[in-house]
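[1] output the structure for:
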Amino acid sequence: MTTVLLVDDEKLILRSLEKTLLRAGFDVVTALDCKSGSEIFAQNSNVIDIAVLDLNMPSFDGTPKTGAGLDLLADLKKKKSSLPVVILTAYDEVTKAKDAVHGGASAFFVKGREQGLVELIQKILQA
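    Numbers count the residues shown, from 1 in each chain. Sure, this is the predicted structure:
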């Protein structure tokens, strides 16, 4: 069973993505911010196969931060350098996409097409 760490501070989006991933056959663990995402990963790093992180959410100090997902990306990569990571955003920001991929993300995904995310995760895990 493939386990996805899903981190997004918007509860409706988190729930929607979680349902989509569960229906696609993934196990899903969720968090609402960088700090809890990092803690959950540390506790479950042996079973988490891929992380899907929101780009903009509360940072490690709990304050909302643009690009906080990139901080969590760096944190997770320090703990497990081989971890595939997908960065989620509500906006199609090309420069942020380049930053995310440069920072070690496998891909960048614009929210709203959940089935596309499932296909992207499957493609990354098969690579």
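
[2] from here on, contacts and neighbour counts on C-alpha atoms
    OK.

[3] mind pulling the model confidence for the residue nearest to the spatial centre of the chain?
    With distances taken as CA atoms, centre = their mean, Val52 lies nearest the centre of the chain, 1.7 Å away. Looking at Val52, its pLDDT is 98.

[4] list phi and psi for it.
    phi -120, psi 110 (degrees, to the nearest 10).

[5] residue contacts, it?
    4-7, 85-88 (CA atoms under 8 Å, 6 or more residues apart in numbering).

[6] what's the spacing between the lowest-mean-pLDDT helix or strand in the chain and its chain's center?
    Ranked by mean pLDDT, DSSP states H and E, the weakest helix or strand in the chain is helix 94-102, scoring a mean of 81. Between the centre of helix 94-102 and the centre of its chain there are 14 Å (CA atoms, centre = their mean, to the nearest Å).

[7] ditto for stretch 111-127
    Distance of stretch 111-127 from its chain centroid, counting by CA atoms, centre = their mean, is 12 Å.

[8] could you list the buried residues of it?
    Across stretch 111-127, burial judged by 16 or more other CA atoms under 10 Å covers 111, 114, 117-118, 120-121.
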